[in-house]
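S.K.: Generate coordinates for the sequence data below:
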Amino acid sequence: MCAASSVAAMSTAPRAALALLGHPLLDPAENLLSLDLKRSHGPMGIRIGYAAITWGDDLTGAISDISSVGYKGIQLRANAVKLIPDPAVIKEKLAAVNLTFTALSSGDLTLDRSEEAAKLAMHADHAQYLSAAGGKYLQVLGTFRTDGKFTSDEYVRTGKMLTEVGKRATDHGVQIAFHNHMGSIAQSPEQLERILDAADPRYVKLLLDVAHYKQGGGDPATAVKKHAHRILFVNFKDVKPTDTSSGYEFVELGRGTVDLPAVVSALRAINFQNWAIVEFDREPKGSTRTPKESAELSKTYIEHTLGLSV
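M.R.: Sure thing, here's the model as predicted:
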């Protein structure tokens, strides 16, 4: 059986079968305790990683560039599962350059009941892959809808689906984090709160993306304090208004409107000492900067303006 097939089979098997296959299953309470210990605020301070999204499918280039710039962690997209099906290979590549596999972007949820089972299985597969690759957190998005209109029942259903994803992920020793995102059911601060309220906090934590939160109408520093008990890790990201159809674009840190110094002050105020992942989607049309050069620009801002060590 190939590695990808093995991952899929293990994630969809019942707990008893997984135990027979030698998969280490803990009592759910023990799993949650283990995960809480992993995310406890330790002595290392805010640790800085970088997301590989800017490199597209060039995972080798992303790993090489991110490590050479000096970042200590990396967030990969779900394309990694298809590009490198064997999680042991990813684990080896990251260990070779001392990068922590901080998070895997697992994809979105669905409100289409006919697709729900497949989505839940997909996220469980990704949790198994992440665990086998030595990773930490699984990022999950809500569903997207062009008109931005959702019913009260759909917020509750999203919270319940996230809880189910979180329960399945704990079977693999993985904690999930819900990502607020423009265009999704969690675009605005109010929408995000409705979903978090409907999700079990033991299984569903928050990945606070400060740029999406700002663009969605909120104040990121306030969000840090408001959701201090729920934040698993954060995305350091910046955004500025444009005359494009969307009205905004994401930019390197310090080149947009997010008050990142206030975000860092808020993180320090709550004694946050976990991962902050820098995310930059793509260079704007006409730019000649490479992904590595963008990573270097954000590193300079982090060290010189935010006073953090990459």
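
S.K.: So G307: helix, strand or coil?
M.R.: Classification of G307 by DSSP: H, G, I helix; E, B strand; the rest coil places it in coil.

S.K.: what ranges do the helices span in the stretch 201-310 of the chain?
M.R.: Ranges of helices within the stretch 201-310 of the chain are 210-215, 220-226, 260-269, 291-304, based on DSSP state H, counting those that start in this stretch.

S.K.: Out of those helices, which one sits most buried?
M.R.: Neighbour counts (mean count of other Cβ atoms under 10 Å) averaged over each of these peak at helix 210-215, with a mean of 27. No exception for glycine: its C-beta is placed from N, CA and C like everyone else's.

S.K.: about what we covered before: out of the helices of the stretch 201-310 of the chain, flag the one nearest E279.
M.R.: Closest to E279 of those, according to Cβ to Cβ: helix 210-215, at 8.0 Å.

S.K.: for the closest one, packing partners?
M.R.: Helix 210-215 sits against helix 220-226, strand 231-236, strand 238-241, with contacts defined as 3 or more Cβ pairs under 8 Å, 6 or more residues apart in numbering; DSSP states H and E.

S.K.: quick one, the longest strand along the chain and strand 231-236 angle?
M.R.: Using DSSP state E, we find that the single longest strand of the chain is strand 100-108. Inter-element angle recorded for strand 100-108 and strand 231-236: 90 degrees (by axes from the mean of the first three to the mean of the last three Cα atoms, to 10 degrees).

S.K.: any idea of the mean pLDDT for strand 100-108?
M.R.: Per-residue pLDDT over strand 100-108 has a mean of 98.

S.K.: strands paired with it, and their directions?
M.R.: Applying DSSP bridges, strand 100-108 is found paired with strand 73-77 (parallel), strand 137-141 (parallel).

S.K.: what does the average pLDDT come to for the last one?
M.R.: Spelled out, that is strand 137-141. In this model, strand 137-141 carries a mean pLDDT of 98.

S.K.: what's the distance between it and the middle of its chain?
M.R.: Mean C-alpha position of strand 137-141 versus that of the full chain (Cα atoms, centre = their mean, to the nearest Å) differs by 5 Å.

S.K.: pull the CA atoms of that strand into CSV?
M.R.: Extracted C-alpha coordinates of strand 137-141, given in CSV (Å, rounded to 0.1, in the frame of the first residue of the first chain):
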residue,chain,number,x,y,z
TYR,A,137,-1.5,22.3,14.0
LEU,A,138,-4.2,21.8,11.4
GLN,A,139,-5.7,25.0,10.0
VAL,A,140,-9.4,24.7,8.9
LEU,A,141,-11.5,27.2,7.0
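
S.K.: Check which element follows it along the chain.
M.R.: helix 152-170 (DSSP states H and E).

S.K.: So which bits of that next one are buried?
M.R.: Under the neighbour-count criterion of 16 or more other Cβ atoms under 10 Å, helix 152-170 has 154-155, 157-159, 161-170 buried.

S.K.: same check, this time on stretch 179-195
M.R.: Residues of stretch 179-195 classed as buried by neighbour count (16+ other Cβ under 10 Å): 179-189, 191-195.

S.K.: Which member of these is positioned nearest G256?
M.R.: Closest to G256, out of all of the buried residues of stretch 179-195 and judged by Cβ to Cβ, is M182, at 13.7 Å.

S.K.: Was I right to think the closest one contacts G217?
M.R.: No: at 10.3 Å, M182 does not count as touching G217 under the criterion of Cβ atoms under 8 Å.

S.K.: anything in contact with each of those two?
M.R.: Residues touching both M182 and G217 (Cβ atoms under 8 Å, 6 or more residues apart in numbering): there are none.

S.K.: Show me what the nearest residue to G135 once chain neighbours are set aside bridges to in the sheet.
M.R.: Excluding the flanking residues, the one nearest G135 by Cβ to Cβ, 6 or more residues apart in numbering is F101, at 3.7 Å. Residues in a beta bridge with F101, per DSSP bridges, are I74.

S.K.: Surely F101 touches A132?
M.R.: No: contact criterion Cβ under 8 Å: F101 and A132 do not qualify, at 10.4 Å.

S.K.: Compare the two (neighbour count), which wins?
M.R.: Comparing F101 with A132 by neighbour count (other Cβ atoms under 10 Å), the higher total belongs to F101, at 23 against 18.
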